[in-house]
Structures are given as structure tokens and as C-alpha cells.
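[1] model the following, please.
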Amino acid sequence: MNKRKITILIVLLLVSFGPYYIYQNIIYKDARDINNEKSILTISAKNLENHYAKNALQADSKYLNKTIEIEGTATEVTDSSMVIDGKVFCKMNEIVKTNFTNKPINIKGRCIGFDDLFGVVKLDQCSIQQN
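    Purely as a prediction, here's the structure:
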């Protein structure tokens, strides 16, 4: 009788805490820290946009959800975003306090794909690597 109670108790514990464990350790993962990740490549903004213009599916397989560095000239700067060479839109991690307009810049971020509406490649979680 005692073994049966222990077995039932173990089964109840597994049934009640199993989904929580699966959710915490398999489904829900901490957000990536792109700033501390090593980039897979450094590419100019014009070359990246050209790859997407030629073949978006192939470019997605190469760059989508990957940490990359973009080199170019900042053509548009706001407090929370930058456009590099008019080709790559970068959503910044932190507020941009210095004016980088028309200056060469290197940005690291995660590629989230090509925006057909605006005709730009988009990156998020971006940070300035050098100025």
C-alpha cells in the first residue's frame, strides 16, 4: 500500500511540474545578447542590399537571424535608429547621442530580413562598433 501511494505521488508531481519544466527550459529561452555575440561576417550596406535584391530567399538563408556587422555611411540618424547608405535600417539598442550623419560607421546587429515596402534590409538590437 505504501509503494502505491509513493508511485501516485510521483506521478502527480510529474504531471504538475512537467509542463512548467518544459516551458522554462525548452520553450522559453532568454533573449539573445547580440552585443556580446561574435558576428558571422562584416559586409557593406550596399552589398547586403544587393544580395537581397538579387535573390531574397538565398539572402535570407545566409543572413536571416544571424549577427552581422554593417559598414557604410550613416545617411539618416534618429535617437533610436539609423539608416546606412540608404539601404540598411538599424534599430538601435541605446539612444544615439552623437550625430553620425554622413560619417562612416560600423554597426553590429541581427538581420531580420528585407522590407519590401521601404526597400531596405532591417537589423535590430544594433550597436555601434566604431565611429
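
[2] contacts, neighbours, all on C-alpha from now
    Noted.

[3] where do the domain boundaries of the protein fall?
    As given by automatic domain parsing, the domain ranges for the chain are 1-30, 34-130.

[4] mean pLDDT for those: which is lowest?
    Mean pLDDT values for the domains of the chain show the minimum at domain 1-30, a mean of 72.

[5] and the strands in the protein?
    Applying DSSP state E to the chain gives strands spanning 42-44, 67-77, 81-84, 88-92, 104-115, 120-130.

[6] dump the ones you listed to CSV, plus distance to Ile6.
    Below are the strands of the chain laid out as CSV (distance: least, CA to CA, whole Å):
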stretch, distance to Ile6
strand 42-44, 59
strand 67-77, 50
strand 81-84, 59
strand 88-92, 54
strand 104-115, 50
strand 120-130, 50
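
[7] tell me how far the lengthiest helix in the chain is from the chain's mean position?
    Secondary structure of the chain per DSSP state H: the longest helix is helix 2-22. Centre-to-centre, helix 2-22 and its host chain are 39 Å apart (CA atoms, centre = their mean, to the nearest Å).
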